[in-house]
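In: can't give you the sequence, but here's the structure:
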């Protein structure tokens, strides 16, 4: 089949048992379903063989994380379209057909996502992508339907296709040729921010990324590392800064990094003093140190991106500070942003 749904699994037996049935039921006419396993130590693979004989499986020899795990798995799967689907996503009837038809009709679109709703509260958007993602001037991600911890109810207010900067890694529909054109996910990230980095690189090539909410799915979220986990905080800060270093044009890099130095230390102090969270405080410091230690490993990436850049500025990277919009101006809904 031309579409391959690929679920990257690591010790996700419970999630697979709960959510894979809807994936198989509502996708079997349109796609081949794969589970790529990151060397799980639970009973995931035995359960798949026993309960889901039609699902194809692929075993990796160790846990490569989200980014390299997907790169290694997708390199072994032949398809025109990949759907990178989290194991904690409940899909719906007719979820896949609109995405395939949209991509077939729009060859300039490299990637898209459905509307992402919360599995726990199905009338609300879900944190990790909502109705399509953007970046502010300083690299902070936000979504149609979610800014920081303000998650909107879904009242149909975003039920129209829209170009975005990034599509959620929880359900990323991407053209295989474009995935490999930019080298896939950056394996050095391990996990977190890697889908934003991938989509940003595609946008700079002039490829479009779109949220197409005619399709909708429900996401549990926090299945890999729960919010508030110091490792997640570390990866988010390190990888977000690395993504900026890779992708920002020369004329913006120094000024953005100066502002981020101040904002990151402000965030760290807030975590320590107001939240009394020593673990996250240390994680921010470690994240910044790790970025400074390895940033020059990405100099060749910067040069290659600059050489092939066709779109600058990228319009979905907004020219304002989302922190200022949210905290100073009280604009907590996407529709209120300047």
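Out: The structure has been received and is ready for your questions. Bear in mind the structure is a predicted one, so any value in this text is a computation, not a measurement.

In: which element is the nearest residue to residue 175 once chain neighbours are set aside on?
Out: Spatially, and ignoring its direct neighbours in sequence, residue 175 is nearest to residue 110 (5.4 Å; C-beta to C-beta, 6 or more residues apart in numbering). No exception for glycine: its C-beta is placed from N, CA and C like everyone else's. Assessed by DSSP states H and E, residue 110 sits inside strand 109-118.

In: for that strand, packing partners?
Out: Here strand 109-118 touches helix 96-105, strand 171-175, helix 194-204, strand 208-219, going by 3 or more C-beta pairs under 8 Å, 6 or more residues apart in numbering; DSSP states H and E.

In: show me what counts as buried in stretch 22-33.
Out: Judged by neighbour count (16 or more other C-beta atoms under 10 Å), stretch 22-33 contains these buried residues: 22, 23, 26, 27, 30, 31, 32, 33.

In: take these and keep only those in helices.
Out: 22, 23, 26, 27 (DSSP state H).

In: what's the closest of the helices and strands packed on strand 109-118 to residue 88?
Out: Proximity to residue 88 (C-beta to C-beta) singles out strand 208-219 among the helices and strands packed on strand 109-118, at 6.5 Å.

In: picking up where we left off before, average pLDDT for the strand holding residue 110?
Out: On average, the pLDDT along strand 109-118 is 98.

In: now the element after it, going C-ward?
Out: strand 133-135.

In: helices or strands next to that following strand in the packing?
Out: Going by 3+ C-beta pairs under 8 Å, 6+ apart, strand 133-135 lies up against strand 141-143, helix 194-204.

In: Three-state assignment for residue 156, please.
Out: coil (DSSP: H, G, I helix; E, B strand; the rest coil).

In: for it, what are phi and psi?
Out: phi 80, psi 10 (degrees, to the nearest 10).

In: that one and residue 56: what is the separation?
Out: Taking C-beta to C-beta, to the nearest Å as the measure, residue 156 falls 37 Å from residue 56.

In: looking at the two, which is more packed in?
Out: Comparing residue 156 with residue 56 by neighbour count (other C-beta atoms under 10 Å), the higher total belongs to residue 56, at 14 against 8.

In: how about that one, nearest residue that isn't a chain neighbour?
Out: Nearest non-adjacent residue to residue 56 (C-beta to C-beta, 6+ apart): residue 34, at 4.8 Å.

In: ok, that neighbour touching residue 55?
Out: Yes - counting by C-beta atoms under 8 Å, residue 34 does reach residue 55; the two are 7.1 Å apart.

In: these two: which has the busier surroundings?
Out: A count of neighbours by other C-beta under 10 Å puts residue 34 above the other of residue 34 and residue 55, at 22 against 19.

In: so what's the residue nearest to residue 56 up against?
Out: Applying C-beta atoms under 8 Å, 6 or more residues apart in numbering to residue 34 gives the contacts 4, 5, 6, 7, 55, 56, 57, 58, 73, 77.

In: returning to what we had before: show me the one of the helices and strands packed on strand 109-118 that comes nearest residue 135.
Out: helix 194-204 (7.2 Å).

In: can you check what angle separates the strand holding residue 110 from strand 171-175?
Out: Interaxial angle, strand 109-118 versus strand 171-175 (axes from the mean of the first three to the mean of the last three C-alpha atoms, to 10 degrees): 170 degrees.

In: how about residue 4, what does it touch?
Out: So residue 4 contacts 31, 32, 34, 77, 78, 79, 81, 82, 83 (C-beta under 8 Å, 6+ apart).

In: do that again at 10 Å, thanks
Out: 31-34, 56, 73-74, 77-84, 176 (C-beta atoms under 10 Å, 6 or more residues apart in numbering).

In: could you show me where the strands are in the protein, in order?
Out: For the chain, applying DSSP state E gives strands covering 3-9, 32-37, 56-59, 81-85, 89-91, 109-118, 133-135, 141-143, 146-147, 150-151, 162-163, 171-175, 208-219.

In: fine, thanks again, bye for now.
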